[in-house]
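Asker: just need the structure, nothing else, for what follows:
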Amino acid sequence: MEIIERYSTPNDLMTLVILLVLLLLVIAKQLYPYRFEDFTALFSSGKYMVIKSREHKALFGFNVLMLIIHLLIVSIFIFVLYRAFIDPEIQETGVLFLRIFTAYSFLVLLKVTVEKIIGNIFDLDEAIENYLFQKHSYRNFISLGLFIISIFLVYSSNPSKLAFYLTGAFLAATWVFSYVRILSKNQGFITLNLFYFILYLCALEIAPYIILYKLIIRS
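Answerer: Okay, the predicted model is just below:
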């Protein structure tokens, strides 16, 4: 019987990042137990969204923690995606993950900055703040589901493409569901600014991720 040599990429770095995410989740739960509980029930209860109106500053630390967790989780998934479809035998995993994390973090922070500037220019600060809070809350919540999926993908010896397609379908479905809920909560505001909202979706919700994809492929 002929022995076939099998190449595999070490998962030491991914294990450390996964442990870091778990540690940050524990910290968030310990420091903000009630907010964390309301956050994990986001899709079934609207209680967490009500907090925004009365505890804006108190939520800042929790939001920062959840943002960092989101950035790490999405970076893990993009890394696994890159390893599965582009370079299965990549060796410089640390460099690649750092590039992905830096690029995605820059993209998210740039989007938030631009969105706030747009809101300030058109004197829509409060409306934009509420919209961004809702959008980012759903985004962070969805990333927790992505985190569970990513753990299985990281430690799977040869994840099938079907698993990634199903993950993509899950992300698309939850993204659409979250936007439907956001639209329903901001129907009046969006109806009055429908053209600008469509322009916003194309310019700040679709185009940046296409650019990120191109940057990762080129690098």
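
Asker: what helices or strands is the longest helix along the chain leaning on?
Answerer: Assignment by DSSP state H gives helix 125-155 as the longest helix of the chain. Using 3 or more Cβ pairs under 8 Å, 6 or more residues apart in numbering; DSSP states H and E as the contact criterion, the neighbours of helix 125-155 among helices and strands are helix 12-31, helix 33-40, helix 47-54, helix 60-85, helix 93-121, helix 161-185. For glycine as for every other residue, the C-beta is placed from the backbone atoms N, C-alpha and C.

Asker: one more pass at 6 Å, please.
Answerer: Applying 3 or more Cβ pairs under 6 Å, 6 or more residues apart in numbering; DSSP states H and E, we find helix 125-155 packed against helix 60-85, helix 161-185.

Asker: now that helix: average pLDDT?
Answerer: Helix 125-155 comes out with an average pLDDT of 88.

Asker: and the angle from that helix to helix 161-185?
Answerer: Here helix 125-155 runs at an angle of 160 degrees relative to helix 161-185 (axes from the mean of the first three to the mean of the last three Cα atoms, to 10 degrees).

Asker: gap between helix 125-155 and the chain center?
Answerer: On the basis of Cα atoms, centre = their mean, to the nearest Å, helix 125-155 sits 5 Å off its chain's mean C-alpha point.
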